[in-house]
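>>> Pasting the sequence and the predicted model now:
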Amino acid sequence: MNPALSPYLRSLWNITPTLFDITEPQATRAFLSPLGLHLPLRAPADVPQGSWFHAAAAHAAAHLVFSPHRFDPAGLRPATQALVGALEDARVEWLACRELPGLRRLWLPFHTVNLSDTPNFEDLLRRLARCLLDPSHHDPHPWVVKGRQLFFVDDAGEMLALRQPEALRHAASLLGNDIGQMRLQFNARLYQVMPSYRDDNSCLWPADERRADAEHEVASTPQGGAAAGAEQPVASAAQRHTHPEWDRLVPMYRPDWCAVHDAPAPPATASPTVTRPRAIHTPSRQRTTLWAQPDGDDFDLDALVDARIAQRSGQATEPRVYRRTQAAHARETTLVLIDTSASTATVLPTLQSAALAIEQTAGPCAIHSFCSDGRHAVHYERVKDFDEALDATCIARLMALRSRLSTRLGAALRHATQLIAARRGTLRRVLLLTDGKPHDVDVFDPRYLLADVRQAVREAARRHVVIECLCLDPQALRSLRGVFGAGLRHLKIG
Amino acid sequence: MGSLMDARPLASEPYYHPAADECALFEAAYAQRLPVLLKGPTGCGKTRFIEHMAWRLKRPLITVACNDDTSAADLTGRWLLDAHGTRWQDGPLTLAARSGAICYLDELVEARADTAVVMHPLTDTRRMLPLDKHNELVHAHPDFLLVASYNPGGHKELKASTRQRFCALAFGYPATEIEVAIVSHEAGLDMEMAARLVALGVRTRRLQGHGLDEGASTRMLVHAGRLIREGVPPIAACRIAVAAPLSDDAEVSAALLATVDASF
């Protein structure tokens, strides 16, 4: 079904009926119920396909807006009931077209008529409907001419005669009597409202048992409510990247010492319930001053003196004599790196919600996580990539992260630096969320990994990537201060 | 900058159709020299209102369209280098404060944070503008008034310390009859076509919050009207002036196009 019907009806009439699919495959007519508007799954085969749903929705909406009255079927023969429906259809369409004249263009292509000399009742009804929708159309049949004269006050069809339900009912009785006089047969059981975009007009009559049952038969699937059972992409095999590590005792790099296994985070199995946390602002501490600019807030004094000397000595003057402070946070790209080592088991929810909160406020942002099992197995998982939207799947992946293994921080930081350095933009930062100091199963010198991390931060700085650290453990702050410098902040729990 | 030096009252009356008593309120605020904040969605007539009021009060109007790169120096002024050395050049705010013009900061919230600080002394009883770089304290001319505009729907908000210095006039889309008159006047259309355009505008505004951030503005409807005046069929005019600019979302665009088709 066409999903744009809901905004279409809202903009046309400011109504928002709930839209349902009629799951019965044979159903060809829409119908209105107290629940909302029920539409068949498919448009009938013999009509313009593209606009059928719009035509059906616009017609049903016209009923919702202009047909508040319920007719009493008592004393009305089936043919007269069909005529009441046809006249009411024409009336609401005429009223709708007065506000939205383009609707006539939408509905008219469905009004195909059979101009035979011996029309049956259905043929005549269709010809009448055609005439009433398009007053400029002339049908010579006397019954159609009579219907037209009853419906409009004037010949041009600009004034509606049937303004009250009683008048409409009376006109339908007169036309119904003529049908009886003409000895035309009407089979109420096989009758379907024509043209096909019009609903079955059950909404015009008081609710009866038949419709009440039908409502229960409809397996309703409100549009937009269907849960998208999107299949998670199967995690591809991890890509292996090697990075050097700094040995503080030698002191030298050990080339290709650590292996980082880079893979998308595994899909979540259960959907978590997450309330989005309040945004955490982590404004960048970088405010870059741009020197020797063609315009700016203040003179760049060195450039100004040079320019003045050049001017006085008769040389070409350099016009770029200003300095300007760059709005640093404007084009900042952030990579949030979550430490998921075993020691984070108790605080992982805090890290997860902090990552979410940072994502809310940062510009382009990726969320990755890491843990390690010796230097050959640094597991690096991508929860959300830079160009991915933070949707339910992403949040589910984030919440599915589990604490395990150890913290070989240097290798993870080098890998993150490499990833973010490939991004465009002047300001790029890696924001590390951790519970404390690095450690790994194959390292016994407590200062070894710290020294390596410090080295990794320096390497990042050379590549114009800022590394910042939000640390949960107040005990670890002192030793990390020497590693991250001003980029270190304490993340308080709660 | 040169054109700013020529700031003088507008020669002819800019068309403005009052929606309520906003003109009288603005005149009262001006009589007391209270800074005014014009709030409202885009294209609802804030800029036209201030042009009209400047004409009414016979004051020159200096307009600054703020963007995220607008700094304090852009408003107050800066040193320039010319053949004879360095020279101070007043910015638009300083110029307005010296000459007694109305200074209109369009989309103030977009400007950098440091602009608010230079503005503050001008907006309270001190009515002065310190120019630290020029070592000067400018006392505002008695006729000077600061006016700012602000679109509250955006992603940025004004700081309380700034907003509390202003009186605020809230603008919305005009009532239907007034909007019809405006579209008819601005686009040069007959009332019936203008009414059709406004009805379409009202229909798009129903989608606000349901796929659209903002519905069609009065300005947009005037654009469509001018295309119609140029001989473009109404449906084509509304497609390019209303439906296409409003949304990139496929579903909402389809609904808008169908609404345009139904409207003419």
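Happy to help now that I have it.

>>> tell me the phi and psi of residue 104?
Answering for chain A, as no chain was given. phi -60, psi -40 (degrees, to the nearest 10).

>>> actually chain B
Per degrees, to the nearest 10, the backbone of B:Tyr104 is at phi -110, psi 110.

>>> partners of it in the sheet?
B:Thr63, B:Val147 (DSSP bridges).

>>> and it, what does it touch?
B:Thr47, B:Ile50, B:Ala54, B:Leu61, B:Ile62, B:Thr63, B:Val64, B:Val147, B:Ala148, B:Ser149 (CB atoms under 8 Å, 6 or more residues apart in numbering or on different chains). C-beta here means a position set from N, CA and C on the backbone, and glycine is covered the same way.

>>> Neighbour-wise, give me the winner out of those residues.
B:Ala148 (29 neighbours; other CB atoms under 10 Å in any protein chain shown).

>>> ok, that one - contacts?
Applying CB under 8 Å, 6+ apart, the residues near B:Ala148 are B:Pro35, B:Val36, B:Leu37, B:Leu38, B:Tyr104, B:Leu105, B:Asp106, B:Leu108, B:Phe166.

>>> Skip the chain neighbours and tell me the closest residue to the third one.
Yep, that's B:Leu37 we're talking about. B:Phe166 (3.7 Å; CB to CB, 6 or more residues apart in numbering or on different chains).

>>> Looking at the closest residue to A:Leu348 other than its chain neighbours now. What's its pLDDT?
With sequence-adjacent residues excluded and distances taken as CB to CB, 6+ apart, A:Leu348 is closest to A:Ser403, at 5.2 Å. Among the per-residue scores, A:Ser403 shows a pLDDT of 88.

>>> A:Ser403 contacts A:Leu351, correct?
No: taking contacts as CB atoms under 8 Å, A:Ser403 lies outside contact range of A:Leu351: 9.4 Å.

>>> Spit out the residues that contact the two alike.
In contact with both A:Ser403 and A:Leu351: A:Thr340, A:Thr344, using CB under 8 Å, 6+ apart.

>>> Of the two, which one has the most company?
Taking neighbours as other CB under 10 Å, A:Ser403 and A:Leu351 compare with A:Leu351 leading, 24 against 17.

>>> which SS class is the more buried one?
helix (DSSP: H, G, I helix; E, B strand; the rest coil).

>>> ok, now which ones touch the closest residue in space to B:Arg239 that isn't next to it in sequence?
Spatial nearest neighbour of B:Arg239, excluding adjacent residues (CB to CB, 6+ apart): B:Val260 at 5.7 Å. Residues near B:Val260 by CB under 8 Å, 6+ apart: A:Gly102, B:Leu200, B:Ile235, B:Cys238, B:Arg239, B:Val242, B:Ala243.

>>> surely B:Phe171 meets B:Leu37?
No: the pair B:Phe171 / B:Leu37 is not scored as a contact, 10.7 Å apart, by CB under 8 Å.

>>> Quick check: the residue of the stretch 1-150 of chain B nearest chain A.
Going by CB to the nearest CB, chain A is nearest to B:Ala73 of the stretch 1-150 of chain B, at 3.8 Å.

>>> Could you check how many residues crowd around the closest residue in space to that residue that isn't next to it in sequence?
Nearest residue to B:Ala73 in three dimensions, chain neighbours excluded: A:Asp297, at 3.8 Å (CB to CB, 6+ apart). A:Asp297 has 19 neighbouring residues, counting by other CB under 10 Å.

>>> my guess is A:Asp297 contacts B:Asp69, does it?
No: counting by CB under 8 Å, A:Asp297 stays clear of B:Asp69, with 10.8 Å between them.

>>> Enumerate every residue touching whatever residue of the stretch 101-250 of chain B ends up closest to chain A.
Using CB to the nearest CB, the closest approach of the stretch 101-250 of chain B to chain A is made by B:Arg203 at 4.4 Å. For B:Arg203, the contact set (CB under 8 Å, 6+ apart) comprises A:Ser11, A:Leu12, A:Asn14, B:Thr259, B:Ser263.

>>> now with 7 Å?
A:Ser11, A:Leu12, B:Thr259 (CB atoms under 7 Å, 6 or more residues apart in numbering or on different chains).

>>> Would you map the strands across the chain?
Since you didn't name a chain, this refers to chain A. Shown for chain A, the strands assigned by DSSP state E span residues A:18-22, A:31-33, A:36-40, A:239-247, A:252-264, A:289-293, A:298-299, A:322-325, A:332-339, A:365-372, A:378-384, A:427-434, A:465-471, A:488-490.

>>> Switch to chain B, please.
B:36-39, B:61-65, B:77-82, B:85-90, B:102-106, B:128-131, B:136-139, B:145-150, B:167-170.

>>> For those, give me TSV that also has distance to A:Ala27 and mean pLDDT.
Converted to TSV, the strands of chain B look like this (distance: least, CB to CB, whole Å; pLDDT from 0 to 100):
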stretch	distance to A:Ala27	mean pLDDT
strand B:36-39	51	94
strand B:61-65	57	92
strand B:77-82	73	86
strand B:85-90	75	89
strand B:102-106	56	93
strand B:128-131	73	92
strand B:136-139	77	94
strand B:145-150	53	93
strand B:167-170	50	93
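
>>> follow-up on the earlier one: for the residue nearest to A:Leu348, list the residues it contacts.
A:Thr340, A:Ser341, A:Ala342, A:Thr344, A:Ala345, A:Leu348.
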